[in-house]
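Novice: predicted structure and sequence below. I'll ask about it afterward.
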Amino acid sequence: MLGRLLLIGSLAASPISLAFADDCTNAQDQATMNACADKSLKKSDTELNSVYKQIEQRLKGDAETTKLLVAAQRSWVAFRDAECTFSNSRSADGSVYPMIYAMCLDGLTQLRTKELKVYLNCEEGDMSCPVPAAN
């Protein structure tokens, strides 16, 4: 928790600017920093969805395990959103909130992507892995 707060604090303290749509390295105003954080989140969310779809493909034909994946992912999204709402509640009324909230979502989304990627690298016969190895 402290590590995440330090990361968020260091990112919030560093200039995260946008020379509008493409350059988020020299942002000078909160609206631009908010847009940059949202842009980063969208990129991470796209990667998460790509990895998720790869897992779905591997589970093709296994309806029961696919159902478990869907339930796990829905629960994870609910957890992620609730966690970020809670952990950033002190800034909820401030102009910094959209940036801090998006950074939290982004960080947790990146962690989830790493977790899902592990499932794509299971070895044949690994009974602790719900996703079959690639053919």
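Specialist: Looks like it arrived, so ask away. Predicted model only: the values in this text are computed from it and were never measured. Numbering: from 1, shown residues only.
Novice: ok, now which ones touch residue 48?
Specialist: By C-beta atoms under 8 Å, 6 or more residues apart in numbering, the residues touching residue 48 are 109, 112-113, 116. The C-beta positions use only the backbone N, C-alpha and C, and glycine is treated the same way.
Novice: let's go with 10 Å and repeat that
Specialist: 73, 76-77, 108-117 (C-beta atoms under 10 Å, 6 or more residues apart in numbering).
Novice: go on, residue 79?
Specialist: With contacts defined as C-beta under 10 Å, 6+ apart, residue 79 is in contact with 108, 112.
Novice: just to revisit the earlier point, check the contacts of residue 48 and tell me the two furthest apart.
Specialist: Greatest spacing in these, by C-beta to C-beta: 77 and 117 (17.5 Å).
Novice: show me what secondary structure element comes after the helix or strand harbouring residue 38.
Specialist: For residue 38, the host element (DSSP states H and E) is helix 30-58. Following helix 30-58 in sequence order, the next helix or strand is helix 63-87 (DSSP H and E).
Novice: can you check what angle separates that next one from helix 30-58?
Specialist: 160 degrees (axes from the mean of the first three to the mean of the last three C-alpha atoms, to 10 degrees).
Novice: and helix 63-87, what's its mean pLDDT?
Specialist: Averaged across helix 63-87, pLDDT comes to 98.
Novice: mind listing what's buried along it?
Specialist: 66, 69, 73, 76, 80, 84, 87 (16 or more other C-beta atoms under 10 Å).
Novice: how much space separates the last one from residue 97?
Specialist: Distance from residue 87 to residue 97, counting by C-beta to C-beta, to the nearest Å: 12 Å.
Novice: residue 118 - how many residues pack around it?
Specialist: A count of nearby residues for residue 118, using other C-beta atoms under 10 Å, gives 10.
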